[in-house]
Structures are given as C-alpha cells and as structure tokens.
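Visitor: mind folding the following:
(2 chains)
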2 protein chains.
Amino acid sequence: MQKPANPQGTRDFGPKVMRKRTYILDTIKKIFIKYGFEHLETPALEKLDTLEGKYGEEGDKLLYKIRSNRALLNEIDGEKADKLNDIFPNKWIPGDSKLGLRYDLTVPFARFVVQHRNDLTFPFRRYQIQPVWRADRPQKGRFREFTQCDADCIGSRSLIHEADLVKIYSEALFNLGLENAVVKLNHRKFLEALVDELNLDFPVERFTSTLDKLDKIGEEGVSKELVKNGVSKEKCKLLFSLIDSVSLNSENITQIAESFGDNPYAKEAVDELEELLSFIEVSDLKIDVQLDLSLARGLDYYTGCIFEAIVPDSGIGSISGGGRYDNLTGVFGLKDVSGVGISFGVDRIYEILESQNKWPQNLQTSSTVVICHFDKKSMLYANNVAFKLRLNNVPAIVYPDSKKINKQFDFANKTGARFAVVIGESEIKSKTLSVKDLVRGTQESLTMDEAIKRFNL
Amino acid sequence: MQKPANPQGTRDFGPKVMRKRTYILDTIKKIFIKYGFEHLETPALEKLDTLEGKYGEEGDKLLYKIRSNRALLNEIDGEKADKLNDIFPNKWIPGDSKLGLRYDLTVPFARFVVQHRNDLTFPFRRYQIQPVWRADRPQKGRFREFTQCDADCIGSRSLIHEADLVKIYSEALFNLGLENAVVKLNHRKFLEALVDELNLDFPVERFTSTLDKLDKIGEEGVSKELVKNGVSKEKCKLLFSLIDSVSLNSENITQIAESFGDNPYAKEAVDELEELLSFIEVSDLKIDVQLDLSLARGLDYYTGCIFEAIVPDSGIGSISGGGRYDNLTGVFGLKDVSGVGISFGVDRIYEILESQNKWPQNLQTSSTVVICHFDKKSMLYANNVAFKLRLNNVPAIVYPDSKKINKQFDFANKTGARFAVVIGESEIKSKTLSVKDLVRGTQESLTMDEAIKRFNL
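Guide: Purely as a prediction, here's the structure:
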C-alpha cells in the first residue's frame, strides 16, 4: 500500500499551526473591518476565460486547469476517442479544459465587480482571505497552494483610501508584534519623473525593472546596468541623490518637490502625496512609513501610489505590497474604475513570527481543559464538571477512557493543554477541583467558580 | 468582449451573504471549540491516489481532476504529441492527471491521521471547515463548490464522544435559532437486529436502502417493496411497530430492549445507548433527540451510532449527519482506529434560516458608521472622527469624495449602514456629532463618548 501524503507544494495545517495562522489572519481581519472593509468570497473555480491572459505568459503557464470526467464523455466523438486510445491506451484525458483554479484574488475581484456592478454601491471596500493556486516548481517558502489576504477599495480616486491603507499597515504590523516593520511608499509619477529627468531613452518599464534590483545588487550594480544601457555616470549620481529613502512627512515631500524643480510628473506625485498626508497624523503611526522613490513593484500595473511593507533583517523580502490601479476592470469591459489595494503575505509573516518567536503567550498552549478521573464514578462526575465549564465558555474535554492517571496527564501534556483537572473521591466529597497548571507545574484545590475564573484569564 | 461570470454551480458571496454565512460558521465553530475540538485544514489539492476508490464508482466520476501545463510538457514525447495534434489541433490536454480537488473532508482527514499518526495524540478531536468540489450537474440547492463543516474524534471507542456530539447538536441548532430541530439517533446493530428478527434473506444493505425511503414513500411504500422481496405482511407490521420514533430516555431504551427480547444484535445496541445516556442529562438538552430505528444513512460506512438532524416542515432533508466508523483509516493502511463524527450542511442551514428569516437583528445592517461632511474642512474633521471611533473599535469610513450630502446618505443607506454621522460647521464648533439612525430614522446630537457607546450597543 502506498504511503499517504499530501501533494508537493501543499501543506496540512495541524492544530498548533492553525492557532498561529488564525492569530495572524484574525489580527489583520479585525483591522480591515474597523476600516469599513466588507467580507467577500469568490469561488476557487473560475472560467479559464476569466483567468487566461491576465498574468502574462509565465502566469498562464502556472494556471491549474481542471476537468471533470463527465464533461469529457460528452465532448469526444467516437472516432476521435478510438484514435486517442491508440496513443494513450486506457489513460488519456482529452478535450479542452474550461475551468481553472484561482491564481490570485485581484482578477476574481475585478470579475466580481464588473459582473455585479449594478448591485454594488461604490466606492466598494472589500477584504478577501482565500487560498490561491499556482502550478509552480515547489521550493523553500514557495507553495502551490497558499493564502492571500487582500483589502481593496474600488470606485473612487480619493486619496483618503491610500491614507486608510497606510493606517491599516501601521496597526496591523504593530499588532502582530512587528514594531520594526517599515512601510515603503512611492508614486508611479515619481518613476516617470526620474526617467524624464534622466532623459533616459529606454522605456519606464525597463528602468524600473532595473531599479527593482536595488535591494539585491546595490547602487553599484544598478549603476553598472544603467551605464551599460547608455546612461551617463553623472546621471546615475543624480538618480541616487533623488531616491534616498526618507520618512513620510511634509518637510521631506517639500524637499523632494524642490529636487525635481518644475518636472510635471513629479508635481503630480507631490500633489497627491500632500493630499494623502492631509489625512494622516504622522505622530499617530506606530510603524515607520518611508518615501522610497526606488520602489517600483510591477509598474505596468500600478498607476498612482505604490506600497510595500518589509521587516528589516528578517531575511525575507516584502511581506505586503499594493498600490493604485486605474484600469483593473477594463479587461472585463468596465472602463475608468479606479481602485487601490494591498495584499498581505500570510506565509511570510508566519515565517518571520516563527523565526523570531514573536507569538503571543496564549498561542503556545491549548485552552482546552483536560479532566482526568480514576474510575467510572469519577468519570461521570468529570462529565458534569465539563458541562459546567462549557456553560461558562471554558473549552473542556473529559479523558474518554478509563486509563491510569499518568496516561491521562500524558495526554493533557501532549495536546499542549495549559490546565488539567483531577477528579477523585475526595474532590467529589469536598465539591472542589484539583487544578494542575501544566506549564508552571503547580496544583491547587479550587471551587468551580474559582476554577472558571482561573481558566478564563 | 465576453460577459464576466462565475462558473455554473459556484457562487460569489458578497458582503451581505458573507455576514450570514460567517454567523452560521462562527456559531458552530464556537461550540466545536468548547467541546475541545481543534482546528485542522488540509489542502484543496490531493493526490488522485488518495481520492480515487473512496467514494464509489459514482463518486470517482464526480472528482475534479487537475493538471498543470508544466507537468504536461515533460510527460509527452514528441511523436505522441504530434499524433495528438492531428486529432485535436491546438487544443489538447493529454497525459494522466495526478491531482484532484478535495471531494469531502473525511478522506483527507483519514489521510492526515495516517500520515501524521506519530505526531498526533489520540484520541484526536478535530474540526474542519473548508470547501469541497464535485463535478455534479448543478441544480437548485446543489453546487459544484460548497462548504463542509465537520467535527470528528478519532482513536477512542468511548461513548462519551457520541454524548458530546449529541450535546453539540443541541447547542449548535438551538443557538442558530432552530429550536424545533430534531436530532435522530440510531445504532447499526438495531438495523442488523431488525434484519435478524424479520428473518430477511436479503442483505442488510438492501433492507436499509429500502428503509431509507420511508420519508419519501411512507410505510405503505416500504411495505410494498419489502413484500415484493418476499417479506410477509405480518413481518412488515412487526417492523413498523419496532421503528417508531421515540424520545431518547432510559424508559424508551428499556422498552425497545424488551421488544427485541434476547436478540444479540439489539442487546449490543441497547448496551451502547445506555452507556451513551449515562453521559447525558436529558433535561439539559435544548433540542428534541429521538431514537429512530429506521435511520440508516449509508450503512456500509457506519458501524455504531448513526446521527441525523432535521428541521421539520422546512422542505429540506437533513441538515447534518454522522456516526461512528470503525475502519476509516484502513484504506490508508492503519487498522483498528475507531472514530465518530458529524457534518453540518452549511448551505442547507443557510437556506432554512433565510426562508424562515431567522437571522439575528444585527446581521441585517452593516456595523460600519458612515461619516458625511460638507466641504474640505469638515472632511478633514470627519477623518479625525473616524480615527477616534476606530480607536474604540467602532468600524467607520469617511465618505471619500466631496459630494452633495444626499448622495452621501444614499451611500450609507445602500451599504446597509445602521448609523451615519454628519459633520458640519456647527458640529465642529460644538464638538458634537450628529448621529442619524438610518433604521429608525431618528437623529441626535451626541458627544464622542456618547456616540461610541451608542455604536457599540
């Protein structure tokens, strides 16, 4: 018999991992809700029409395509089926695939907005937390099935949305214990201004894809590549004087504005950032927000502000990205609908919290109280104790079999329970509970009310 | 351009629907947790090996199979690819599919348990709430992608698990406002006892599949079918005297025991039900639990207690089913592991709550407060108000554009907001908020503290 296993690039999330994942997602979700984002879910299955051509040629190759046997049988006529059988005896699956698995949450969201546009009230703020699939080569930290966690606002050009997203970053990353995270902010028009100022005679896209490598190859590497493309060394120097990363505040915006002089692209960016800043009290931000004119992130997509969040020295790239896109729904026939959104990389956040052991204390143990007993009589009493604990919202289980008490403690310890309760003759008589704190190794005799208080701490 | 649409048999869940679905799932989840069930998630993608042959021939046909382009290219040698191209020019997808989509949560759970058996502590209680996929013909109330909501306990034969599941039914259905729901309970051994007592000379499976039709074709129809299979009319009479549905309590169990006399199968069932009952205080149950000896539910699967929950007169069949299975993990090579579990039909519960309009009041409106304003100055002030509300966990958004106040109220009404706040000159001066209750149609002037209290009710 074959050993059962989950497919490569996928994961089982057991209870301990789920506690941690739920903590991350709940923390972010609560903040989305506070900022008026509403919950949306779309199906995992999408028509291939909806998915294909949206993620570039590379993306199309990574789409998981689906077929059902039932559809097949109707599709193939007898003669063709016979021929196929010659080629792949007993093991062919022919015909066109018409369904695919969700590749990200953005395209399904755009599809949803266009399809339901008459029922939606714009601006529409939604969050969406669902798995996506990519037929990628599995490797460390890269999965074929993983969770995306997005918040987008569509149908308004107001910069108040960008301001809210900056605040969401600040609260979410702070609440996750990532106080040293940095949010980077740029504007597409600054990138266009740079190309303009430097008189580059190659397209913005090539410039920014070079700039995107700054983290990896440094100023020197970027300069080299630009020089190779015909940019003078002087211009490179000018470039790096412009793209220094600075804190978001009005002085710094003013200074950047001055550096660019009258450049019309830069002026657009500066105006928008000043508007954005009017909606933010910088001193309220709990996380460092920096203007970083080198930030590009797939420029052909974003048309206004661009966001990225990183945790310095974590060894992990960005944990979130986003920005404004002016034509997301255009591919589905709805023009001139502007949106702005961000997406959290749940798996990367998980990895950082795990490697820095930044989980809250209460995630380390299970909150389920294990009730142990000595015989049939004390087991029935334990069953009543469980009933009362649950009535008071304390998760509880009775050890289900009549086994030696040490076996029962073993179970409690292995499941990661913080507390065990022991019921014996004397506890039944005195109407008390022997409560063992399995982390501290202490034991006390408590009344039911005292125990409930202890467990609910 | 094609009209964008989700695939047949799938659904988009917009904010209003999500509020309701989340309410159902959270209600059930809270109770699972209280009974010590821990959260598990398995991937949507499973190896076809894992899925195939587990759901019968019909089930195998309904499996969604997956393929990635990348895998393909490696699989086909040039000659074969050429031949294929002749048959399906430019549109073929050849080769074997090695992955499939999760068809239910039970088989992946069994796979998980066997795969991770050395890391798990038994008995293992888990709940799992995830979508499943079936390539079924879409029809009313039947979907290709839908959510299952399961709780199982594996690795113990104790009847305390069955008792906990009965209590979970009681609390979950009551908390969902389905006070008139009925939980039906049977035991496989009773069905075997019936076959034995009636001296049927056809297999238990055929008997129970006939019995399963009782709801649809009534006593007369079932009798007819049995008589056609050689059962005497007298025996049919005896049968229907035995399978009357009665409330679960010890008197009724005793009476059933007496009806069966010394039948050894019935004795086993009676013993187990008496044990089960020792863990339940019947007066604590909030939902009617009935012994129903006609309940079968795919007998070849269950080996002990069998559960079903229904809402009488809802026009919808069962909303939950479950039972004990002694050999779930056998197919994956792990023998003699007994488990018991139940599964809630989320979509059916949704349908009943919707048609009977049993949703809690607060689901009807959005809790997000919409803050309206008259000009740039009041918008900035509104932005500060939003900040303070959010600090106090009140979800809030500022209407993002400078539009006429009526447009802004329109937005608040259409998004289903319960409250809107209006900020103008006088509110800024008096440091108060004009709070409109959009449901009651009232308006009051409140301080920030008063408003926070109002919104948090």
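
Visitor: where do the strands sit along the stretch 1-150 of chain A?
Guide: With DSSP state E, counting those that start in this stretch as the criterion, the stretch 1-150 of chain A has strands at A:38-39, A:45-47, A:64-68, A:99-101, A:124-133, A:145-154.

Visitor: what about the shortest one, near chain B?
Guide: Yes. Judged by C-beta under 8 Å from any C-beta of the partner chain, strand A:38-39 comes into contact with chain B at A:38-39. C-betas here are computed from N, CA, C, even on glycine.

Visitor: from the contact counts, what lies against that strand?
Guide: If you count contacts as 3 or more C-beta pairs under 8 Å, 6 or more residues apart in numbering or on different chains; DSSP states H and E, strand A:38-39 packs onto strand A:124-133, helix B:15-34.

Visitor: what sits against A:Gly230?
Guide: Applying C-beta atoms under 8 Å, 6 or more residues apart in numbering or on different chains to A:Gly230 gives the contacts A:201-202.

Visitor: quick one on the thing from earlier: I'd like the strands of the stretch 1-150 of chain A laid out as a markdown table, including distance to A:Ala163, mean pLDDT and mean neighbour count.
Guide: Listed next are the strands of the stretch 1-150 of chain A as a markdown table, based on distance: least, C-beta to C-beta, whole Å; pLDDT from 0 to 100; neighbours: other C-beta atoms under 10 Å in any protein chain shown:
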| stretch | distance to A:Ala163 | mean pLDDT | mean neighbour count |
| --- | --- | --- | --- |
| strand A:38-39 | 19 | 96 | 20 |
| strand A:45-47 | 32 | 96 | 22 |
| strand A:64-68 | 37 | 75 | 23 |
| strand A:99-101 | 35 | 93 | 26 |
| strand A:124-133 | 13 | 97 | 22 |
| strand A:145-154 | 11 | 97 | 22 |
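
Visitor: same list (those strands) but as JSON lines, adding distance to A:Pro264.
Guide: Shown next, in JSON lines, are these (distance: least, C-beta to C-beta, whole Å):
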{"stretch": "strand A:38-39", "distance to A:Pro264": "38"}
{"stretch": "strand A:45-47", "distance to A:Pro264": "40"}
{"stretch": "strand A:64-68", "distance to A:Pro264": "45"}
{"stretch": "strand A:99-101", "distance to A:Pro264": "42"}
{"stretch": "strand A:124-133", "distance to A:Pro264": "32"}
{"stretch": "strand A:145-154", "distance to A:Pro264": "27"}
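
Visitor: wait, doesn't A:Glu46 sit right on A:Gly100?
Guide: Yes. Proximity of A:Glu46 to A:Gly100 meets the contact threshold set by C-beta atoms under 8 Å, at 5.8 Å.

Visitor: which parts of the stretch 101-250 of chain A sit against chain B?
Guide: Residues of the stretch 101-250 of chain A lying near chain B (C-beta under 8 Å from any C-beta): A:101, A:111-112, A:114-116, A:119-121, A:123, A:125-126, A:131, A:133, A:135, A:137, A:144-145, A:153, A:156, A:158, A:160-161, A:163-164, A:167.

Visitor: got a ChimeraX select line for the buried ones in those?
Guide: For the buried members of these, the matching ChimeraX selection, counting by 16 or more other C-beta atoms under 10 Å in any protein chain shown, is:
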select /A:101,111,112,114,115,120,123,125,126,131,133,135,144,145,153,156,158,160,161,163,164,167
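
Visitor: out of the helices and strands packed on strand A:38-39, flag the one nearest B:Val182.
Guide: Closest to B:Val182 of those, according to C-beta to C-beta: helix B:15-34, at 17.6 Å.

Visitor: what comes up buried for the closest one?
Guide: B:15-21, B:23-25, B:27-29, B:31-34.

Visitor: which ones among these also lie next to chain A?
Guide: Restricting the buried residues of helix B:15-34 to those near chain A by C-beta under 8 Å from any C-beta leaves B:15, B:18-19, B:33-34.

Visitor: and A:Pro43, how many neighbours?
Guide: 23 (other C-beta atoms under 10 Å in any protein chain shown).

Visitor: let me know the pLDDT of the closest residue to it other than its chain neighbours.
Guide: With sequence-adjacent residues excluded and distances taken as C-beta to C-beta, 6 or more residues apart in numbering or on different chains, A:Pro43 is closest to B:Thr10, at 3.5 Å. Per-residue confidence at B:Thr10 stands at 95 (pLDDT).

Visitor: contacts only, for B:Thr10.
Guide: With C-beta under 8 Å, 6+ apart, B:Thr10 has these contacts: A:43-45, B:143-145.

Visitor: hey, C-alpha coordinates of stretch A:262-278 in PDB?
Guide: Extracted in PDB, the C-alpha atoms of stretch A:262-278 (Å, rounded to 0.1, in the frame of the first residue of the first chain):
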ATOM      1  CA  ASP A 262       9.300  72.000 -12.300                       C
ATOM      2  CA  ASN A 263       9.100  68.500 -13.600                       C
ATOM      3  CA  PRO A 264       5.400  68.000 -14.400                       C
ATOM      4  CA  TYR A 265       5.300  64.300 -13.500                       C
ATOM      5  CA  ALA A 266       6.900  64.900 -10.100                       C
ATOM      6  CA  LYS A 267       4.400  67.700  -9.500                       C
ATOM      7  CA  GLU A 268       1.500  65.300  -9.900                       C
ATOM      8  CA  ALA A 269       3.100  62.900  -7.400                       C
ATOM      9  CA  VAL A 270       3.900  65.600  -4.900                       C
ATOM     10  CA  ASP A 271       0.300  67.000  -5.100                       C
ATOM     11  CA  GLU A 272      -1.100  63.500  -4.400                       C
ATOM     12  CA  LEU A 273       1.300  62.800  -1.600                       C
ATOM     13  CA  GLU A 274       0.400  66.100   0.100                       C
ATOM     14  CA  GLU A 275      -3.200  65.300  -0.200                       C
ATOM     15  CA  LEU A 276      -2.600  61.800   1.200                       C
ATOM     16  CA  LEU A 277      -0.600  63.400   4.100                       C
ATOM     17  CA  SER A 278      -3.500  65.700   4.900                       C
END
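
Visitor: which other residues reach it?
Guide: With C-beta under 8 Å, 6+ apart as the criterion, stretch A:262-278 contacts A:159, A:162-163, A:166, A:185, A:187-190, A:192-193, A:196-197, A:248-250, A:253, A:256-257, A:260, A:291, A:304-305, B:380.

Visitor: quick check: mean pLDDT of that stretch?
Guide: Stretch A:262-278 comes out at a mean pLDDT of 96.

Visitor: would you mark the buried spots in that stretch?
Guide: Those would be A:263, A:265-266, A:268-270, A:272-273, A:276-277, for stretch A:262-278 by 16+ other C-beta under 10 Å.

Visitor: chain center to it, what's the gap?
Guide: Averaged C-alpha coordinates place stretch A:262-278 at 30 Å from its chain's average position (C-alpha atoms, centre = their mean, to the nearest Å).

Visitor: in what helix or strand does A:Val195 lie?
Guide: Per DSSP states H and E, A:Val195 falls inside helix A:188-197.

Visitor: the inter-axis angle of the helix or strand that that helix is followed by versus helix A:188-197?
Guide: Using DSSP H and E, the helix or strand that follows helix A:188-197 towards the C-terminus is helix A:204-211. With axes from the mean of the first three to the mean of the last three C-alpha atoms, to 10 degrees applied, the angle from helix A:204-211 to helix A:188-197 works out at 100 degrees.

Visitor: by contact count, what packs against helix A:204-211?
Guide: Against helix A:204-211 (3+ C-beta pairs under 8 Å, 6+ apart) you get helix A:188-197, helix A:214-228.

Visitor: who touches the longest one?
Guide: Going back to what we said before, that points to helix A:214-228. Contacts to helix A:214-228, defined as C-beta under 8 Å, 6+ apart, come from residues A:210-211, A:213, A:233, A:235-236, A:239-240, A:294, A:317.
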